[in-house]
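Visitor: A structural model of the following input is requested.
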Amino acid sequence: MNRRIFNAIWIVAVIVFLSSLLFIMGVLYSYFSGVQAKQLRIETELASRGVAMSGIKYFDSLDIKDYRVTWIGTDGTVLYDNAADTSEMENHLEREEIKEALDEGYGESVRYSSTLSDKQLYSAKLLPDGSVLRLSIVQMAIWSLMLGFIQPILLVIIISLILSLILASRLTKRILEPINNIDPDNPMQHINEEEYKEIVPLLSRIQSQNEQLKRDQKEIEKAAMIRQEFTANVSHELKTPLHAISGYAELIEKEMVKEEDIKPFAGRIREESTRMTKLVEDIIDLTKLDNGGVEMKWEDCDLYRIAENAVDSLETPASQLDVTINIQGSDAPSWGAPQLLYSIIYNLCDNAIKYNHAGGCVDVIVQPNKYETSIIVKDTGIGIPEECCERIFERFYRVDKSRSKEVGGTGLGLSIVKHAVMIHNGKIEVKSKVGEGTEVIVSIPNKQEYIEL
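Guide: Predicted coordinates for the structure are as follows:
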């Protein structure tokens, strides 16, 4: 960056200098050409007076090295020329400056001279006898002007290049110094300093990126901690049923169980196996949700019909616990993954049944509106303490561990609910009072932009 800025400044300085030099040379050329033309007019006026007074004898004592003097008669023949043989010269009556002098008394022109083979300035004056005196001089070319100034021009170019290099180097250093002095960990400390006013957006961007990096770092650390806790919790949750199964199986294998106890032991082995299977299934489902539900098929569906299916599946477990489960609402078309939407309602209702009282009830309400559909699961169960409401969606978090063990929960149901709702760009809200019951409100948008999963 340092070299790029230096090169840019130096190149611009050189271009500006050369452009200025060309402009100055153009102005000087125009000025000297004007001076040359003015001097030619003066010399023509003086020479014409001499010829008018002395005639051709005036040329005998005339010593002009830079000027060409030509005297043209009234018929256009050349009477005198100090640079060419008059006998070989053509009639000059049609020359532009001669015609203008005959008409107006004085004439000028600039043209290429076939006699002298160069570009000439011509000035002609009408004499009292009707003849014309003409003086000409070689017009100064811009290259000749530059050659005349070659030494001072080269000196100026060398000095300018050296100064440009020095100034470009210093200016580059001055431009980059504030940037190099920025503290990347605390860029906003410079925001009120004069030299940093031009790069306030840069400082703000660095600060924003720092904050984003800190947030990302916290998220990474949090994710790492969650994975660590999840691994530890999975190991603990699996270890308990495995130990139970192993213990019951070992007792049966060593014939340490009475005949009448074999069947109850087999039942406990089945219960622990079922619990372990459910835990593994929930872990698999949660892993899929962590990957964004990439294996889920999205389609048009009806949330009310999905809720009906979930309620039908739970009627038997609910009746076994003496809990009544009801559903009300109306058709609610939506776009989503039916199996995820089903898991949301099923897990919420399953929890509402398990953590209820005998004789309690669970109400499932599906309320569609213009923009979203609300799924409300309300129970008359044991309730959740206020400080625990935000944590119930954490993996393996249990409000009442003894009750969870009793009802056989895996501790992953509500985590699955939270992830499934997030995948559908929905919202979830919990209202609860200890001893009075819990109300969970899930809002799912009716229409979503199609996402390739």
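Visitor: just so I have it, where are all the strands in the stretch 151-300 of the chain?
Guide: Ranges of strands in the stretch 151-300 of the chain, per DSSP state E, counting those that start in this stretch, are 299-302.
Visitor: so where do the helices sit in it?
Guide: For the stretch 151-300 of the chain, the helices identified by DSSP state H, counting those that start in this stretch occupy 200-253, 259-290, in order along the chain.
Visitor: any idea of the mean pLDDT for the shortest one?
Guide: Regarding helix 259-290, the rounded mean pLDDT is 74.
Visitor: most tightly surrounded among the helices of the stretch 151-300 of the chain?
Guide: Of all the helices of the stretch 151-300 of the chain, helix 259-290 carries the top mean neighbour count, a mean of 15, counting by mean count of other CB atoms under 10 Å. Every C-beta, even on glycine, is put in place using the N, C-alpha and C of the backbone.
Visitor: and the angle from that one to helix 200-253?
Guide: Between helix 259-290 and helix 200-253, the angle comes out at 160 degrees (axes from the mean of the first three to the mean of the last three CA atoms, to 10 degrees).
Visitor: If you count contacts, what does helix 259-290 end up packed against?
Guide: In terms of contact count using 3 or more CB pairs under 8 Å, 6 or more residues apart in numbering; DSSP states H and E, helix 259-290 is assigned the packing partners helix 200-253, helix 413-423.
Visitor: And that helix, how far out from the chain middle?
Guide: In terms of CA atoms, centre = their mean, to the nearest Å, the centre of helix 259-290 is found 53 Å from the chain centre.
Visitor: How about stretch 336-351?
Guide: Distance of stretch 336-351 from its chain centroid, counting by CA atoms, centre = their mean, is 41 Å.
Visitor: For it, list the C-alpha coordinates in CSV.
Guide: Below are the C-alpha coordinates for stretch 336-351, written out as CSV (Å, rounded to 0.1, in the frame of the first residue of the first chain):
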residue,chain,number,x,y,z
GLY,A,336,-43.0,-26.2,6.4
ALA,A,337,-41.6,-29.6,7.2
PRO,A,338,-44.6,-31.7,8.5
GLN,A,339,-42.5,-34.0,10.7
LEU,A,340,-40.8,-31.0,12.5
LEU,A,341,-44.1,-29.3,13.0
TYR,A,342,-45.5,-32.6,14.4
SER,A,343,-42.6,-32.9,16.8
ILE,A,344,-43.2,-29.4,18.1
ILE,A,345,-46.8,-30.1,19.0
TYR,A,346,-46.2,-33.7,20.1
ASN,A,347,-43.3,-32.8,22.5
LEU,A,348,-45.2,-29.8,24.0
CYS,A,349,-48.3,-31.9,24.6
ASP,A,350,-46.2,-34.9,25.9
ASN,A,351,-44.6,-32.6,28.5
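Visitor: Now do it: everything it contacts.
Guide: By CB atoms under 8 Å, 6 or more residues apart in numbering, the surrounding residues in contact with stretch 336-351 are 285, 289, 293, 296-299, 301, 303, 306-307, 309-311, 313-314, 317, 325, 334, 362, 364, 375, 377, 409, 413-414, 416-417, 420-421, 423-424, 440, 442, 444, 448, 453.
Visitor: Got a ChimeraX select line for the buried ones in those residues?
Guide: In ChimeraX, selecting the buried portion of those, with burial taken from 16 or more other CB atoms under 10 Å, looks like this:
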select :285,289,293,296,298,301,303,306,307,310,311,314,325,334,362,364,375,377,409,413,414,416,417,420,421,423,424,440,442,444
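Visitor: Would you list the phi and psi of Y106?
Guide: Torsion angles at Y106 (phi, psi; degrees, to the nearest 10) stand at phi -150, psi 140.
Visitor: One more: I384?
Guide: According to degrees, to the nearest 10, the main-chain angles of I384 amount to phi -130, psi 130.
Visitor: Next, find the distance separating it from C361.
Guide: Going from I384 to C361 by CB to CB, to the nearest Å gives 18 Å.
Visitor: Comparing these two, which residue is more hemmed in?
Guide: For I384 versus C361, the count of surrounding residues by other CB atoms under 10 Å is larger for I384: 21 against 18.
Visitor: Quick check: that one vs L22, distance?
Guide: Using CB to CB, we find I384 at a distance of 85 Å from L22.
Visitor: And the residue nearest in space to the middle of the chain, what's its pLDDT?
Guide: The residue at the geometric middle of the chain, judged as the C-alpha nearest the mean C-alpha position with CA atoms, centre = their mean, is R205 (11.4 Å). The score at R205 is 79. That number is its pLDDT.
Visitor: Show me this protein divided up by domain.
Guide: 2-147, 184-290, 296-445 (automatic domain parsing).
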